[in-house]
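1. build the 3D model from these lines:
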Amino acid sequence: MLDRITSMQAFVRVVGQGSFAAAARSLGLSQTMVTKHVSALEAHLGVALFHRSTRRLSLTEPGQLYLDRCQKLLSSLEDMEQEVTAGAAEPRGLLRMNTPVSFAIRHVAPLLPEFSQKYPLVTVELGVDDRRVDPIAEGWDLTLRIGHLLPSSLKARRLAHINFTLCAAPSYLAKHGTPATVSDLEHHTCLGYTLSDPVGTTRWSFGRRGERTIPVKSSLRSNNGDVLRTAALAGQGILYQPTFIVADELQSGLLKPITLDTPLLEGPDLHAVYVPTTHVPLKVRVMIDFLAARYAPVPPWERAGHQS
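-> Sure thing, here's the model as predicted:
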């Protein structure tokens with residue numbers, strides 16, 4: 001008989017990952033074994049947990065109910081283990097963390113070797129995604145979010161503030177001139193970010209609270225800041241993005257900051273977001289503390305005195 005707890009973990013992971021194959025990879029099991037675990041649960045319960053089709057996997061109504069109960073039970077189990085071992089425990093286990101793509105590449109991944117040396121029993125699975133993931137449904141222990149947090153049951157800790165910068169390559173400015181006012185941008189080529197409304201593809205906002213908004217023309221639109229950064233370096237247009245994406249280029253002079261007659265939009269905060277439990281898992285707590293220490297009191301992407 002298969003272990004019921006492991007079967008529940010497999011079931012929750014299949015839901016979070018969206019497929020049996022992805023769940024198997026994240027759990028270090030074969031797809032066949034993960035399928036057996038879920039099938040054993042369905043046989044024991046006498047209900048189907050998933051609607052199975054060749055195109056997608058979705059929960060049945062009993063499956064959704066069982067998912068909610070499994071998540072609570074597994075969380076309570078982890079709480080119990082943490083409470084029992086709190087006095088002498090060393091952080092250990094798999095830590096699944098999700099972060100925005102560009103931020104992960106520049107300011108999370110370079111720190112992980114140091115974290116692993118400090119906490120060798122913790123295995124980090126770093127997922128990168130610019131969409132707003134659901135930590136509970138997708139099984140993430142910790143997510144880093146840039147932007148304003150919506151009301152939810154999730155817990156959050158502020159790690160840093162992120163400023164915006166307006167910049168362009170010297171070659172672009174030499175050819176098209178340097179804008180001096182917000183209105184001047186209407187006559188320039190801009191690089192549009194599709195995942196933002198205030199600094200998006202057709203309109204950019206200025207003033208600390210976005211008091212002034214102007215239409216812009218985008219020669220390139222992308223949902224990734226690094227794509228727009230590459231275009232800016234090639235002289236394709238003006239970039240309006242968080243400083244962490246272009247900090248090195250601003251410092252080296254490959255991109256030049258542009259100062260207008262109106263301040264830039266007030267930047268967002270970076271938060272560590274996690275599922276609330278009675279006892280936050282030690283592996284989650286040490287990662288949050290580790291990142292907070294590296295980003296304080298002034299985050300590394302702001303230490304060179306970049307434009308804010």
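
2. give me the beta-bridge partners of the residue nearest to residue 109 when sequence neighbours are not counted?
-> Leaving aside its sequence neighbours, residue 109 sits nearest to residue 126 (CB to CB, 6 or more residues apart in numbering; 6.7 Å). Yep, even glycine has a C-beta here, placed from its N, CA and C like the rest. Beta-bridge partners recorded for residue 126 (DSSP bridges): residue 97.

3. just checking, residue 126 touches residue 108?
-> Yes. Look at residue 126 against residue 108 with CB atoms under 8 Å: they come within range, at 6.7 Å.

4. which neighbours do the two share?
-> Shared contacts of residue 126 and residue 108 (CB atoms under 8 Å, 6 or more residues apart in numbering): 97, 99.

5. neighbour count for those two, which is higher?
-> Between residue 126 and residue 108, counted using other CB atoms under 10 Å, residue 108 has the larger neighbour count: 20 against 13.

6. distance check, the residue nearest to the more buried one when sequence neighbours are not counted against residue 295.
-> Counting by CB to CB, 6+ apart, residue 108 lies nearest to residue 99, which is 5.3 Å off, once chain neighbours are set aside. Here residue 99 is placed at a distance of 13 Å from residue 295 (CB to CB, to the nearest Å).

7. distance check, residue 5 against residue 48.
-> From residue 5 across to residue 48, the span is 21 Å (CB to CB).

8. right, I mislabeled it, should have said residue 168
-> In this view, residue 168 and residue 48 are 56 Å apart by CB to CB.

9. neighbour-wise, which of those two wins?
-> The neighbour comparison of residue 168 against residue 48 (other CB under 10 Å) goes to residue 168, with 26 against 13.

10. now that one. Nearest residue, chain neighbours left out?
-> Spatial nearest neighbour of residue 168, excluding adjacent residues (CB to CB, 6+ apart): residue 238 at 4.6 Å.

11. quickly list what the one you found is bridged to.
-> Here residue 238 sits in beta bridges with residue 190, going by DSSP bridges.

12. which residues touch the nearest residue to residue 262 once chain neighbours are set aside?
-> Using CB to CB, 6+ apart and skipping the chain neighbours, the partner closest in space to residue 262 is residue 206 (4.4 Å). Residue 206 makes contact with 182, 212, 213, 214, 260, 262, 263, 264, 265 under the criterion CB under 8 Å, 6+ apart.

13. enumerate every residue touching the last one.
-> Neighbouring residues of residue 265 by CB under 8 Å, 6+ apart: 164, 198, 199, 205, 206, 207, 208, 210.

14. change it to 7 Å
-> Residues in contact with residue 265 (CB atoms under 7 Å, 6 or more residues apart in numbering) are 164, 198, 199, 205, 206, 210.

15. now swap in the third one and tell me
-> Taking CB under 7 Å, 6+ apart as the definition of contact, the neighbours of residue 213 are 203, 205.

16. equivalent analysis for the fourth one, please.
-> When the contact criterion is CB under 7 Å, 6+ apart, the partners of residue 214 are 182, 183, 185, 186, 203, 204.

17. mind redoing it with 8 Å?
-> By CB under 8 Å, 6+ apart, the residues touching residue 214 are 182, 183, 185, 186, 203, 204, 206.

18. count of residues packed around the fourth one?
-> Just to be clear, that refers to residue 186. Residue 186 has 14 neighbours, counted by other CB under 10 Å.

19. residue contacts, it?
-> 214, 215, 216, 217.

20. roughly how far does it sit from residue 207?
-> On the measure of CB to CB, residue 186 and residue 207 end up 17 Å apart.

21. quick check, residue 244 in a helix?
-> Yes. With DSSP: H, G, I helix; E, B strand; the rest coil as the criterion, residue 244 is part of a helix.
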